[in-house]
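Asker: Sequence first, predicted model second:
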Amino acid sequence: QVQLVESGGGLVQPGGSLRLSCAASGFSLDDYAVLWFRQAPGKEREGVSCVSSSGRTTLYADSVKGRFTISKDSAKNTVYLQMNSLKPGDTAVYYCSTNSRLTMFPPANFKWGQGTQVTVSS
């Protein structure tokens with residue numbers, strides 16, 4: 001079965017860290033760019049980060065640059081998003097997706113999964 005499963009979210013205090021995982025099954029992430037985006041209530045969808053199929057190129061939104069790091073473990077067929085120095089503004093549901101090109105936004109045929117909730121609050 002072809003699917004992506006996000007995990008690793010939770011409740012964290014401002015300044016804390018979380019590591020999100022995007023695990024793929026049924027296909028290889030090495031064949032696609034992989035991206036993370038987030039959706040907060042009442043806000044527009046925001047692209048967060050992406051990594052190229054080779055893993056050598058990464059992009060970040062200005063809002064997370066210097067705090068978040070995206071990485072790929074091809075052996076585990078998983079992409080990670082290490083989030084440090086978290087702020088209340090990072091609170092959202094985080095989703096991962098693949099795309100045929102390097103972009104921080106999902107393709108038009110993106111199938112919504114559950115995502116993983118990140119809540120930054122004291």
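Answerer: Yep, it's here. Numbers count the residues shown, from 1 in each chain.

Asker: Could you use CA atoms for every contact and neighbour count after this?
Answerer: Noted.

Asker: what's the burial count for the residue lying closest to residue 32 once chain neighbours are set aside?
Answerer: Spatial nearest neighbour of residue 32, excluding adjacent residues (CA to CA, 6 or more residues apart in numbering): residue 53 at 4.7 Å. Applying other CA atoms under 10 Å, we find 22 residues neighbouring residue 53.

Asker: Straight-line length of stretch 56-75, end to end?
Answerer: End-to-end distance for stretch 56-75: 16 Å, by CA to CA, to the nearest Å.

Asker: What segments of the chain are strands?
Answerer: For the chain, strands defined by DSSP state E occupy the ranges 3-7, 10-12, 18-25, 33-39, 46-51, 58-60, 68-73, 78-83, 92-99, 116-120.

Asker: What is the burial count for residue 45?
Answerer: For residue 45, using other CA under 10 Å, the count is 15.

Asker: Also the one 3 residues further on?
Answerer: For residue 48, the neighbour count with other CA under 10 Å is 25.

Asker: cool, residue 28 as well?
Answerer: 15.

Asker: tell me the angle of the lowest-mean-pLDDT helix or strand in the chain relative to strand 116-120?
Answerer: In the chain, no helix or strand scores lower on mean pLDDT, DSSP states H and E than strand 3-7, which sits at a mean of 94. With axes from the mean of the first three to the mean of the last three CA atoms, to 10 degrees applied, the angle from strand 3-7 to strand 116-120 works out at 20 degrees.
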